[in-house]
Structure formats: structure tokens, C-alpha cells
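1. Got a predicted model here, sequence first, then my questions.
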Amino acid sequence: MTDVTSVDITAATEVQLVEMVLGVPGIGTQLVTAHGLLGVARLSPHVLAERAEMALPDATRLAAAFELGRRLQMIMGQRRKRLNTPKDIATFFAPRFTMCRWPRRSAGI
């Protein structure tokens, strides 16, 4: 596990950040490799605990950290009042749809 007293959080990898939140060495590599960061963020605490074989309070702590990030994105998106371009619209609404799973389109559509 990374020594959290000597790490620049902004320079830490996703794996290191997961391990900092959980305080469990090796779990970040296991989770991010198996599910990807977005996949981990989408897992409920119960599913996360089951798949990673971790205690439910630890899984809940990680899910709460992701939820804080989503809420921060929503707050930051709300500050921008005018949506002038398609990019502005996408930036504003993206945090609201991070948990959505969209059906994949077939090549013919």
C-alpha cells in the first residue's frame, strides 16, 4: 500500500487512490484491473464487497468516495448558467448520467 503521508494525491494513480481510501494493499490493482475505474464506481457497496471479497463497511467507504466525486461534478456543472454549445451541454449533463448503462448499437445502425 502507498504511504499516504508522502503522496501527492493529484499525482497518484487510480489504483493508489483506491488503496488510500480503503487502506488495503493490493485491492486497488485487483478492482481496477477487473472492472476499470468507471466499472468500480458503478458497483453498489454490496456487489463491490462480494466481488472484491471485502467487508461491507470498506466497500461502502469506497462507494461514498465515488458519490462525493459525482456530487462535486454536479455542483461544478451547475455553476455554468449558459449552455451555448453541444460541448457545454455534454459537460453539464455528464455527471448525471455516469451511472447509466446505454445499450450498444450494432454496426448497421
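-> Cool, the structure landed.
2. what is the rounded mean pLDDT of stretch 10-28?
-> Computed over stretch 10-28, the mean pLDDT rounds to 91.
3. Just the endpoints, please. Distance across that stretch?
-> 16 Å (C-alpha to C-alpha, to the nearest Å).
4. Could you tell me how many residues sit around the closest residue to Ala52 other than its chain neighbours?
-> Excluding the flanking residues, the one nearest Ala52 by C-beta to C-beta, 6 or more residues apart in numbering is Leu31, at 5.7 Å. Where C-beta positions appear, they are placed from N, C-alpha and C, glycine not excepted. A total of 26 residues lie near Leu31 under the criterion other C-beta atoms under 10 Å.
5. Quick one: residues contacting Leu31.
-> Listed by C-beta atoms under 8 Å, 6 or more residues apart in numbering, the contact set of Leu31 reads Val18, Val40, Leu48, Ala52.
6. so how far is Lys87 from the last one?
-> Between Ala52 and Lys87 the distance, using C-beta to C-beta, to the nearest Å, works out to 36 Å.
7. and the residue nearest in space to the middle of the chain, what element?
-> When C-alpha atoms, centre = their mean is applied to the chain, the residue found nearest the centroid is Ala41 (3.6 Å). Following DSSP states H and E, the helix or strand that holds Ala41 is helix 27-42.
8. The helix or strand following that helix: which residues count as buried?
-> Sequence-wise, the next helix or strand downstream of helix 27-42 (DSSP H and E) is helix 45-52. Residues of helix 45-52 classed as buried: Pro45, Leu48, Ala49, Arg51, Ala52 (neighbour count, 16 or more other C-beta atoms under 10 Å).
9. on contacts alone, who are the packing partners of helix 45-52?
-> Under the contact definition 3 or more C-beta pairs under 8 Å, 6 or more residues apart in numbering; DSSP states H and E, helix 45-52 sits against helix 27-42, helix 56-79.
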